[in-house]
Structures are given as C-alpha cells and as structure tokens.
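*Asks:* compute the structure for the input listed below.
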Amino acid sequence: MEENEAKFKKELESKKIINLGLLSALILGSIFLISFYTARKINPKNDSGIVKKETNNPFIGTTIEGRGAIVWDIVNQEVLFEKNSNLSMPLASIAKVVMALTAIDLVPQSTIIQINKEFLNEEGDTGLFVDEKWELKDLIDFSLITSSNDAATAIASITGLNINEADNLEIGRNEFIGRMNEIVSKMGLSQTNFKKESGLDTADGLSGANSSAKDVAMLFEYVLKNHPEILEATKYGNVNIRSLNEITHNAKNTNITIDKTAGIVASKTGFTEKSGGNLAIIIDPAIGRPVVIVVLGSSFDGRFSDVEILSKKTLEYLLQS
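*Replies:* Now for the predicted structure:
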C-alpha cells in the first residue's frame, strides 16, 4: 500500500515537472513571436530587404493662423490635416471658381461678353474698358487670375440674360446667382451658398458667399476632375490675355507666392473685411498625387504663410508614403 502510494506521488511529481516545462516553453515561444512581430512592425522591410524606419506624421503639432483649414489627399480620399474644416465662413473671391463653373455649364465658352459701364462700379479696378468684348473662356481666366470683380459681374449678368431671355441685367445676374446655388447644392456642398457671384460683401454688410474648408476642397477636387480647364491659368504668376478688341491685358496672379510653391496646379485667393484672408490651392509635386490645401479666415499675409507651412508638411508626408 505504502509502496503504491510512493509510486503515485513520484509519477505526480514527474507530471508537474513536465507540465511546468511545457508552460515555460509556451511562454517563451509567445514572447519570441510577439517580439518578432513587433520588430517587423517597427522596422518593416521592402522588397529589396532594406529596412525603412517609420517617422512621425509631419502634420502633428502644426499651427496656423487661419480659423479653418484642410489638407485633402484626392487620390486616397483622406484628410491629412484639418482645423474647423466644417465651419461655415465667409468665402470672398474663392466664390469666383463656382462662378466660372456655372458659366460654362450654362453657355458655350465661346460666348461673347461685353463690358458695360455699370459692371465697372464693382470694388477694384483690373483694367477693363467700357464696351470691350471678350470670349467667355478668356474673361474667366482673367477674373480668376486677377480676382476681377468687374469681370465676374459681367459674366454673371450677360450669362444670366442669355439663359433667362430677359432684357434686365440685374434680373440676369440674380438668375445666375440662383444657378450657382443650385450647382453647389447638387454637389452636396451643404455649407456653401452665394449672394454675390464675386464673393464680395453685400451693401448691407453681409458676406457675399459662405463655405467651409471641406466644401472648398470638395469643390476643387470636382473642378480638377471634370473641368480642369477652368483652373489651368491660375497656376501662373503672370499671363497676357487679349480681348476681342485686340487689347492685351497683363493678368497678375493675386497669389503672390505662386512661383514659390512646388507642383502648383491651381490657385485662388479671397479677401474681404468680413472674410479675412482665404487661399485654396492644388499641388501635385509627386505627379499623379494631387492634394488640395485650403485656408479660410486668416489675415491678408497670413493666408500665404499658412498655405506655405501646409505645403511643406504635405511634401514631407508624400516623401514618406
């Protein structure tokens, strides 16, 4: 009896030793696998076997003056940076991009636009002449590059007359603004609306156009994909444009930093007392990887430095990806 009990105890001790050994092996194996997997995540290898070290997101800690902003990766449909990107804010002259989109949607780009005296009453003088005639496409380029309010009003009024078959310029202009609002509504830009085709503040002090940084990014993506010709001329610092009267106008871009921006594809500024400084651009420094950068509610000079900061961070990001 005692002999059997001693034998049983001996077998039990042996099993405990074996089980402890197996448990230790399992623990050590698990630690090895976790360490190996972690090492692969931290130091992933590419096909050539060269180890690439992960770096921090370059946008972390980025500060800008603008109240609203977004950096939108069109290809990956991804937000790289944002600040109050859904906040509706005064849009100012970025509204002219929708003006251009609406005009070519309603009438042929060869449509003749004549400059009436009353069009020249708008804020700012960009050198247009009374009774001067333009092809729509050329006047759109001129308006977007120089941010000409006179040209925007001429386009809205004459185009509105053509589609409404009216003889009153104000009726035509109001019809055109209504179509601008219809277009952005169909695009799903819920934060965007217009009271003036140029984006200027109204006579009673209201914002002539409102939008959010996100809506502007979606607008620029849409135009780039569907009507890139609208934005083509806005990537240049200076462009000579000739009216049908054989008058050559030197159109100087209101984006004073455009020649310093790598891979610039499109650009539009905006500024009023109510909006502050706005700027939206598209860059494509990696060729085939366009990114929209929008800053709203900055200062006159701050919009340029804000976009410069975000452009540099975007370049860093693209180099890592």
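*Asks:* what is the burial count for the closest residue in space to I264 that isn't next to it in sequence?
*Replies:* Of all residues not flanking I264 in the chain, K235 sits nearest, at 4.9 Å (Cβ to Cβ, 6 or more residues apart in numbering). (Each C-beta comes from the backbone N, C-alpha and C, glycine too.) Using other Cβ atoms under 10 Å, K235 has 21 other residues around it.
*Asks:* contact partners for K235?
*Replies:* 258, 264-267 (Cβ atoms under 8 Å, 6 or more residues apart in numbering).
*Asks:* just the pLDDT for it.
*Replies:* Looking at K235, its pLDDT is 97.
*Asks:* repeat that for I17.
*Replies:* The score at I17 is 40. That number is its pLDDT.
*Asks:* mind listing the helices for the stretch 201-321 of the chain?
*Replies:* Ranges of helices in the stretch 201-321 of the chain, per DSSP state H, counting those that start in this stretch, are 213-226, 302-320.
*Asks:* with mean neighbour count as added columns, please give the ones you listed in JSON lines.
*Replies:* JSON lines is the format used below for these (neighbours: other Cβ atoms under 10 Å):
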{"stretch": "helix 213-226", "mean neighbour count": "21"}
{"stretch": "helix 302-320", "mean neighbour count": "19"}
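*Asks:* make CSV from these and add mean pLDDT and distance to L106 to it.
*Replies:* Formatted as CSV, the helices of the stretch 201-321 of the chain follow (pLDDT from 0 to 100; distance: least, Cβ to Cβ, whole Å):
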stretch, mean pLDDT, distance to L106
helix 213-226, 98, 15
helix 302-320, 95, 31
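*Asks:* including distance to L139, could those helices go into JSON lines?
*Replies:* Output for these, formatted as JSON lines (distance: least, Cβ to Cβ, whole Å):
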{"stretch": "helix 213-226", "distance to L139": "17"}
{"stretch": "helix 302-320", "distance to L139": "25"}
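*Asks:* quick check: beta-bridge partners of the residue nearest to A92 when sequence neighbours are not counted?
*Replies:* Spatially, and ignoring its direct neighbours in sequence, A92 is nearest to G270 (3.1 Å; Cβ to Cβ, 6+ apart). Using DSSP bridges, the beta-bridge partners of G270 come out as N278.
*Asks:* pLDDT at G270, what is it?
*Replies:* 98.
*Asks:* E118 too?
*Replies:* Looking at E118, its pLDDT is 91.
*Asks:* who's in contact with the residue nearest to it when sequence neighbours are not counted?
*Replies:* Nearest residue to E118, sequence neighbours excluded (Cβ to Cβ, 6+ apart): L169, at 7.1 Å. If you count contacts by Cβ under 8 Å, 6+ apart, L169 has them with 116, 118, 157-158, 160-161.
*Asks:* could those be laid out in JSON lines, adding neighbour count, distance to V294 and secondary structure?
*Replies:* Formatted as JSON lines, these follow (neighbours: other Cβ atoms under 10 Å; distance: Cβ to Cβ, whole Å; DSSP: H, G, I helix; E, B strand; the rest coil):
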{"residue": "N116", "neighbour count": "17", "distance to V294": "34", "secondary structure": "coil"}
{"residue": "E118", "neighbour count": "14", "distance to V294": "33", "secondary structure": "helix"}
{"residue": "S157", "neighbour count": "24", "distance to V294": "29", "secondary structure": "helix"}
{"residue": "I158", "neighbour count": "25", "distance to V294": "30", "secondary structure": "helix"}
{"residue": "G160", "neighbour count": "27", "distance to V294": "28", "secondary structure": "helix"}
{"residue": "L161", "neighbour count": "18", "distance to V294": "33", "secondary structure": "helix"}
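*Asks:* any chance of those in TSV, plus distance to D73?
*Replies:* What follows is these, written out as TSV (distance: Cβ to Cβ, whole Å):
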residue	distance to D73
N116	44
E118	44
S157	38
I158	38
G160	37
L161	41
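*Asks:* quick check, nearest of those to T102?
*Replies:* The closest of the contacts of L169 to T102 turns out to be G160 (Cβ to Cβ; 9.7 Å).
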